[in-house]
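Visitor: Just a sequence and a predicted model for now, questions to come.
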Amino acid sequence: MNNKNIHLKPFLIFFSAFLFIYTISASLNAQTLNLDNDYIQSLPENIREDVISELESTNDDDAASNLSQKRPSSQVSKLKTVQKWEAFLKESNLKESERYGMRLFQSMQTSFMPINEPNLNGDYVLDFGDVLEIQFIGQKSNTVSVEVKRDGSINIEDYGKIFVSGLSLQQANDLLKASINSAFIGTEVYVTLSSIRDIQVLVAGNSQFPGIYTLNGNSDILHALNVSGGISENGSFRAIDIKRNGKIIKTVDIYEALILGNNYGNDRLRSGDSIYVRPVMNLVRAGNGFNRKGLFELKDGETFEDLIKYAGNLSKDIKNDQLVINRIVNGSYKTSVIPRDDFKKTIVKNNDAAYAEEHSIKRITIKGEVKNPGTYEISSGEKLSSIIKRAGGYTDSAYAFGGRLFREKAKQIEQSNNERAYQELIKFISTSSSSGSGEGSISSLPLILSELKDLKPLGRVVTEFDMLNIEQNPKNDTFLDNGDEIYIPKFDQSVYIYGEVSNPGTSRYSSGGSIANYIDKSGGFNLLSNKKQLILIDPNGEATLINSNSISLSILGNTRINDVAIYPGSVIYVPRDIERIKGREKIILTTGVMSNLAFALASLSTISD
């Protein structure tokens, strides 16, 4: 079968279904954990109790004994309880928020504690708990692992104490090389950091979950905010204090990194540091006409020029260089307009809203046999003939009669009709089974139902593509809509015959050929075919119900089989006989369903490439 007709199969099953009979999580394994008391104490009380309870329930003496181990808690494998806690933290941030930046903490690493990765550069500052690996080559050849003690020193056998706390990794490396070289002549020293200390920091103020958190020694302010659930709706992104020994050492503006890409002050935290999230300042809404729409936080004294900077500048499609401002004055909103020259002069106020008027830009796509296929911007009220001309017109091999227009609105209607038909089919199957009607029909329905359920709507709109016809009859010209897709196929010399015939497939088009001729070329009707009612789909998507015995059908008309014109690219479909379905069920099949089927079949891209 020609692969360009694969799209037809599900729909033919869809049609056959109605003519045949109408409207028929992972377990989590616990792991042995290395937890220290500091980490357990840093958890909220209810979480802490559940963690301890879960540890005890493992009946693993080794896991219980690991509670006394001191390092490194930031390498902890997660308990179910901790995983639930982290999921809760993440869920708390999933609530929709208009504030720009709230999603930052949803996209960051979701681990409750940063991974203990010792691959650091030379400016990392050493402190109590860090572990150094020192390799000696020469007169003294061996490798030792030493931990920085509380007094800031490391102890090297045969040499003694060397104080490294407060030194950067590079400074410690230089000091050790100089000291060892003077004591052991001809000995080279290589120093690496093998394990990072843990630190405890206090997150306070307007964080989602303020408290004491255990992090690794390479953490910065974003890590701390992340494990505390992020910034609350009442918290500031523009003013977050880092305190050390009771004094503010830095105030961080996260917008500097999040929006402008500047350094946000990623100084590493130290144990005992406090992070205070100040209250939110002025919230100003950037609406239509801004590249980033949302609620932005601005500092006192900042202007609408700053808002434009944070909101990614104004759109290219704005009508003029001015902003419309809505501001609360004496309890009610007042509207004013400010020109571009005043953007830098006008200071924002809390609850301001700004927008710029935009041109209504619509875009459509045209593919296939036109001279310049592609995506085009269209004006309001533009019609199909206009876009064909703008695309350079048809190529010599274009088959305008088979042109197709696909539209999102039509797709939605088609999807709704398909879903309703599927549900009615299910309902009918259940009533037929209980009443005994439609005997012998139910067994063949699973495949039909499966195909019908998976059927994807195309949203085809039957449209006139003949430019001469449109020129002579302008009312046949179709208005275009945003998102429309147009496809112009090549001329097709085949006629397609499907359904209940002996040899379904394609037949070469012959001038003057009738439906009967093409069915004969396909081996004629088989034993299951309905010879009285056939479906013909023209290349332009129009579907006609052909009544071979002149039986009148009020919905789709009465067309005699030998009076029908067949065009290149047409589809002839022979449905299955449904004579064994009697009474009300057959009336449903031959009335209300037919109009839906004709519309659906007309939407089908019967000869798409």
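Guide: Structure's in. What do you need? Numbering: from 1, shown residues only.
Visitor: what bridges to Ile240?
Guide: Val252, Val277 (DSSP bridges).
Visitor: Please name the residues that touch the closest residue in space to Thr463 that isn't next to it in sequence.
Guide: Nearest residue to Thr463, sequence neighbours excluded (Cβ to Cβ, 6 or more residues apart in numbering): Leu405, at 4.4 Å. Backbone N, C-alpha and C define where each C-beta goes, glycine included. By Cβ atoms under 8 Å, 6 or more residues apart in numbering, the residues touching Leu405 are Leu384, Arg460, Val461, Thr463, Thr478, Asp484, Glu485, Ile486.
Visitor: I'd like to know how many residues surround the last one.
Guide: The number of residues packed near Ile486 is 24, by other Cβ atoms under 10 Å.
Visitor: secondary structure element for it?
Guide: strand 485-488 (DSSP states H and E).
Visitor: Give me the pLDDT for Thr303.
Guide: pLDDT recorded at Thr303 is 96.
Visitor: Ser53 too?
Guide: So Ser53 comes in at 64 (pLDDT).
Visitor: Val191 in helix, strand or coil?
Guide: Assigned by DSSP: H, G, I helix; E, B strand; the rest coil, the conformation of Val191 is strand.
Visitor: I'd like to know how far the residue nearest to it when sequence neighbours are not counted sits from Thr251.
Guide: Take Val191 and drop its neighbours on the chain: the residue closest to it by Cβ to Cβ, 6+ apart is Asn173, 4.4 Å away. Going from Asn173 to Thr251 by Cβ to Cβ, to the nearest Å gives 33 Å.
Visitor: Also Tyr100?
Guide: 20 Å.
Visitor: Pro489 reaches Ser397, doesn't it?
Guide: No - applying Cβ atoms under 8 Å as the test, Pro489 and Ser397 come out as separate, 9.3 Å apart.
Visitor: Now the common contact residues for those two.
Guide: Shared contacts of Pro489 and Ser397, counting by Cβ under 8 Å, 6+ apart, come down to Glu369.
Visitor: what about those two, which has more around it?
Guide: Neighbours were counted for Pro489 and for Ser397 using other Cβ under 10 Å; Pro489 has more, 23 against 11.
Visitor: higher neighbour count, Tyr100 and Thr251?
Guide: A count of neighbours by other Cβ under 10 Å puts Tyr100 above the other of Tyr100 and Thr251, at 22 against 13.
Visitor: and the residue lying closest to the more buried one once chain neighbours are set aside, how many neighbours does it have?
Guide: Sequence neighbours aside, Gly294 is the residue nearest to Tyr100 in space, at 4.1 Å (criterion: Cβ to Cβ, 6+ apart). A count of neighbours around Gly294, defined by other Cβ under 10 Å, yields 18.
Visitor: Contacts for stretch 260-269, please.
Guide: So stretch 260-269 is in contact with 124-125, 199, 201, 215, 217-224, 242, 249-250, 252-254, 256-258, 275, 309, going by Cβ under 8 Å, 6+ apart.
Visitor: Mind doing that once more with 10 Å?
Guide: For stretch 260-269, the surrounding residues in contact (Cβ atoms under 10 Å, 6 or more residues apart in numbering) are 120, 123-125, 127, 199-201, 215-224, 240, 242, 244, 249-258, 273, 275, 309-310.
Visitor: C-alpha coordinates for that stretch, CSV please?
Guide: This file holds the C-alpha atoms of stretch 260-269, laid out as CSV (Å, rounded to 0.1, in the frame of the first residue of the first chain):
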residue,chain,number,x,y,z
LEU,A,260,21.1,40.1,34.3
GLY,A,261,23.6,37.3,34.5
ASN,A,262,25.9,39.1,36.9
ASN,A,263,27.7,37.7,39.9
TYR,A,264,25.2,37.5,42.8
GLY,A,265,27.8,37.3,45.4
ASN,A,266,28.4,33.6,45.5
ASP,A,267,30.6,33.7,48.5
ARG,A,268,30.8,30.4,50.3
LEU,A,269,29.0,30.2,53.5
